[in-house]
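[1] structure of the sequence below:
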Amino acid sequence: MVVPEKVFFTRGCGVHKDKLVSFEMALRDAGLAPYNLVTVSSIMPPDAEIISREEGLPRLSPGEIVYCVMARTETNIPGQNIAAAVGLAVPEIHGKQHGYLSEYHAADITGHECGEYAEDLAATMLATIMDIPFDPETAWQEREQVYLASGKIIKTSHLSASATCGADGRWSTVVVAAVFILP
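    Next up, the predicted model:
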C-alpha cells in the first residue's frame, strides 16, 4: 500500500497556436512538465502534510510517474475568460479521516469564483460523510460557517488560475494541481 505523505499545490498558464503546446506551456509554468502525470480522484490522504511548491518540486525526478488531482481548461475564443481550481477540505480528526480535494473548471468565470466553487465542492463532499447537517441551497459563505462551526472541518482552501484568450485566438490553457509526494 502506498499512501502519499505530502501534497503541494501549483498552477500555470500557457499560450500557443497549438492546443497541445499551450497545455505543455501551462505545465511548464506550473513546474510539472518534466513528469508523467497521472490524475487520480479526489481524496486527501489522512496524515498527508501540505508543503509549498518550492519544497515539493525538488522531491520529484524528471520522468517520474507523479499522481495528482488536476483541473485544466483551454480556449481559443478571443476574449473568453477561463478558470480552473482545486479545492481542499480537511477534517478536524486529520490523521484518522481522509479529506477531499475537488477539481473544477469553467469558462466565463473569474479565478476567484472558480476557486470558491471548488472549495465548496470539497467541503460539501466532506460534510456529507461526516454527518454535518447543512442546506445545499444556501450560499457557500453561509455553509462554510456551518462547516467550520461544527468543529469537524478545520480547514478549507483553494488554488485557482485564470486567463483570457487574446484577440489573436491562440490557445490559452490554465492548469491547477494538487501533487502527491510518495514516501
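[2] for the helix ranked longest in the chain, buried residues please.
    Using DSSP state H, we find that the single longest helix of the chain is helix 111-129. By neighbour count on 16 or more other C-beta atoms under 10 Å, the buried set for helix 111-129 is 111, 113-127. Every C-beta, even on glycine, is put in place using the N, C-alpha and C of the backbone.
[3] give me the contacts around that helix.
    Identification of contacts with helix 111-129 by C-beta atoms under 8 Å, 6 or more residues apart in numbering yields 42, 71, 83-91, 99-106, 109, 134, 136, 140, 143-144, 147, 150, 152-153, 156-162.
[4] at 7 Å what do you get?
    83-89, 91, 99-104, 106, 134, 140, 144, 147, 153, 156-162 (C-beta atoms under 7 Å, 6 or more residues apart in numbering).
[5] stretch 173-180 now?
    4, 7-14, 22-23, 26-27, 30, 32, 56, 66-74, 82-86, 101, 159-163.
[6] ok, now how distant is the residue lying closest to V2 once chain neighbours are set aside from G79?
    Excluding the flanking residues, the one nearest V2 by C-beta to C-beta, 6 or more residues apart in numbering is L182, at 5.7 Å. Separation of L182 from G79 (C-beta to C-beta, to the nearest Å) stands at 42 Å.
[7] who has more neighbours out of the two?
    Shown here are L182 and G79; by other C-beta atoms under 10 Å, L182 has more neighbours (14 against 10).
[8] all strands for the chain, in order.
    6-16, 36-39, 43-44, 49-50, 65-75, 81-91, 99-107, 153-164, 171-181 (DSSP state E).
[9] could I get those strands as TSV with mean pLDDT?
    Shown next, in TSV, are those (pLDDT from 0 to 100):
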stretch	mean pLDDT
strand 6-16	98
strand 36-39	98
strand 43-44	96
strand 49-50	95
strand 65-75	98
strand 81-91	96
strand 99-107	98
strand 153-164	92
strand 171-181	98
